[in-house]
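> generate coordinates for the sequence data below:
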Amino acid sequence: MTANADVIRLPAKESALIDHFVKAGEIKNKSEFIIYAVKKAVNEVILRELEEKSSAVPPMAEKDVDKLLGEIKDIRKKLWEGYAHRVF
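Below is the predicted model:
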């Protein structure tokens, strides 16, 4: 199975910045940087939505918070596994 390749156009300044990180050995290549940036953005959106929804929920006991965080971690793992399966 061959993955579809999408073209992403970046302004020269951002492209040069990513090239700098690649040359410095901070990241393997531009594709890896883009994947990292997408994951970071998705996580930020999820966290923002959780913060918005949590403001309406009464305070939780510490054990319930720990349980919820575990569930969120499991959900995130399943989402990324499903995403990776569809993409690769």
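> tell me the mean pLDDT over stretch 15-28?
For stretch 15-28, mean pLDDT is 93.
> once you drop chain neighbours, what's closest to the spatially most central residue of the chain?
Residue closest to the average C-alpha location in the chain (CA atoms, centre = their mean): Lys39, at 1.7 Å. Distance criterion CB to CB, 6 or more residues apart in numbering; nearest residue to Lys39, sequence neighbours excluded, is Trp80 at 7.6 Å. Quick note: C-beta positions are derived from backbone N, CA and C, even for glycine.
> quick one: the one you found from Ile34, how far?
Counting by CB to CB, to the nearest Å, the gap from Trp80 to Ile34 is 15 Å.
> how about stretch 28-38: buried residues?
Phe33 (16 or more other CB atoms under 10 Å).
> use 735 as the first number for this chain going forward.
All right, first residue 735 from here; so that's stretch 762-772.
> count the residues that sit near Lys812.
Lys812: 10 surrounding residues under other CB atoms under 10 Å.
> what strand or helix carries it?
Assigned by DSSP states H and E, Lys812 belongs to helix 796-821.
> so which elements touch that helix?
With contacts defined as 3 or more CB pairs under 8 Å, 6 or more residues apart in numbering; DSSP states H and E, helix 796-821 has these neighbours: helix 764-788.
> phi, psi for Asn763 please.
Main-chain dihedrals, Asn763, degrees, to the nearest 10: phi -160, psi 180.
> pLDDT weak spots in this structure?
Counting by pLDDT under 70, the chain has low-confidence residues at 735-738, 817-822.
> walk me through the domains of it.
What automatic domain parsing lists as the domains of the chain is 743-791, 792-822.
> okay, now the longest one: how far is its last residue from its first?
The stretch domain 743-791 measures 42 Å between its terminal residues, going by CA to CA, to the nearest Å.
> I would like the residues contacting stretch 745-761, please.
744, 762-764, 767, 770 (CB atoms under 8 Å, 6 or more residues apart in numbering).
> equivalent analysis for stretch 787-806, please.
For stretch 787-806, using CB under 8 Å, 6+ apart, the contacting residues are Leu784.
> recalculate using a threshold of 7 Å.
Identification of contacts with stretch 787-806 by CB atoms under 7 Å, 6 or more residues apart in numbering yields no residue at all.
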